[in-house]
Each structure stands twice: as C-alpha cells, then as structure tokens.
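Engineer: Below are the sequence and a predicted model for it; my questions follow.
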Amino acid sequence: MARRYHHGNLRQALVDAAIAVAAEHGVHAIKVSALAKELGVSSAAPFRHFATRDELLVAAAEHAAQQLGVVVGAAGTESTDPVEAERAKAVAYVRFATEHPGHFRLITRAEILAQSPTLQALTAASEASLAVLGTHQPGKASPETLRVSAGVLAAQALVFGLARMIVDGLVGPVTPDQAERLAHEVTGVLGTGLRGPAE
C-alpha cells in the first residue's frame, strides 16, 4: 500500500512506514530503499535523517514504546489496588500488542533493544529479577525477595508470551476484545508476581 510523502515530516513518515511494514511483514522486511520508494522520495533522502537502517529501527521502536507506555500507564491508574493496577497494565499490554503488531515486533527485538538505552530501561524489572535469581547465594537475598523476584519474572513472561502467541498467530485469529478478555483471565492466576519487587 503506497504511503506517498507530501513535504511534511519525512523522519516521522519513515518511522510510521517502518512500523507499518513490521506489522504487515515483520521487522526483517523493513528496507530503507523500499520505504523511500513507497514514500516517493529519493533513495538518499532517508539518510538525511537516519545514517543507517539500524538507526531507523531504533527510532521506530522508541516511538512504538512511547505509545505503548502511554496506554499501559493510563491503564495502571484505573485501580487503587496495586495488584489490580498491575493486572490492568498487563491486559493493556496484550491488547496493544494485538492492535499494533508492528509496534510489538519492533520493541521486542533483542538487536534493537541492545542499541537503545530508552528501550533497555523498559526491561529493567526483568533484569532485576534475573539478577536476584541468577546470582543468589545463601545470605545474599531473603527467601521472600527471591519469591517475589520469581513472581515478577513469571508474570512478565506470561504476559509477553501471550502477546507473542497472539501476534504470531499461534492461537488463531484473535480480535483486540478477545485478547483483552483472554489476558484478563490468564493474569487472574497470578498474585504476588504482579505486585512488583518487595520494598
């Protein structure tokens, strides 16, 4: 589908086009030359904004993450109960991934994450849980801390895994409403893991 560019913000147009390609065909299908042709600009024009394809992918992923953050953050304000607030955020994450598969695919690619401190910050909770679980020695972390860290990681793995299964079509066609209901039911089996690390 052509997305002609009309003397506006070419940088944003490239980001939007890259996300659209990721949604339709996957991240591997994003080619700068193809985007330029699709937008009706010269093959050199994109490089005035992004020196490399990787820079474009990082920019697209950061844009996607920002949008996801707004949606998930808003969902987290729907309840004053901390567990239910985290559950609402998890459900919003799965729905967002279902509605915006291109966004999800970009922000979950390890090679893109590795190039972006902004995206790496989003994985801080997972890394903290892994650090506690992976480096534990007797007397170094309490059983409660270990239990909560394992719970946090389990919750994140469950939510991410469900989103990945839906986006990759492993559970058949799923509408955003169906994804939301499914995420709500699945996250209902979790308790401590959704509370976050103990203070």
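Structural biologist: Done, it's in.
Engineer: The host helix or strand of residue 104 packs against which elements?
Structural biologist: Per DSSP states H and E, residue 104 falls inside helix 101-107. Other elements packing on helix 101-107 under the criterion 3 or more Cβ pairs under 8 Å, 6 or more residues apart in numbering; DSSP states H and E are helix 10-25, helix 53-75, helix 82-99, helix 143-167. Yep, even glycine has a C-beta here, placed from its N, CA and C like the rest.
Engineer: Buried residues, the second one. List them.
Structural biologist: Across helix 53-75, burial judged by 16 or more other Cβ atoms under 10 Å covers 53, 56-65, 68, 71-72, 75.
Engineer: re earlier: the helices and strands packed on helix 101-107 into JSON lines, with extra columns for distance to residue 175?
Structural biologist: Below are the helices and strands packed on helix 101-107 laid out as JSON lines (distance: least, Cβ to Cβ, whole Å):
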{"stretch": "helix 10-25", "distance to residue 175": "16"}
{"stretch": "helix 53-75", "distance to residue 175": "17"}
{"stretch": "helix 82-99", "distance to residue 175": "8"}
{"stretch": "helix 143-167", "distance to residue 175": "10"}
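Engineer: Of the ones you listed, flag the one that's most buried.
Structural biologist: The highest mean neighbour count among those, using mean count of other Cβ atoms under 10 Å, belongs to helix 82-99: a mean of 21.
Engineer: got the CA positions of that one in CSV?
Structural biologist: What follows is helix 82-99, C-alpha atoms only, in CSV (Å, rounded to 0.1, in the frame of the first residue of the first chain):
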residue,chain,number,x,y,z
PRO,A,82,-1.7,-2.3,43.4
VAL,A,83,-2.3,-5.9,42.2
GLU,A,84,-5.3,-4.9,40.1
ALA,A,85,-3.5,-1.9,38.7
GLU,A,86,-0.6,-4.1,37.5
ARG,A,87,-3.1,-6.6,36.1
ALA,A,88,-4.8,-3.8,34.2
LYS,A,89,-1.4,-2.8,32.8
ALA,A,90,-0.7,-6.3,31.7
VAL,A,91,-4.1,-6.6,30.0
ALA,A,92,-3.5,-3.3,28.2
TYR,A,93,-0.1,-4.5,27.1
VAL,A,94,-1.6,-7.6,25.4
ARG,A,95,-4.4,-5.6,23.8
PHE,A,96,-1.9,-3.0,22.5
ALA,A,97,0.2,-5.8,21.0
THR,A,98,-2.8,-7.3,19.3
GLU,A,99,-3.9,-3.9,17.9
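Engineer: Brilliant, that's me finished.
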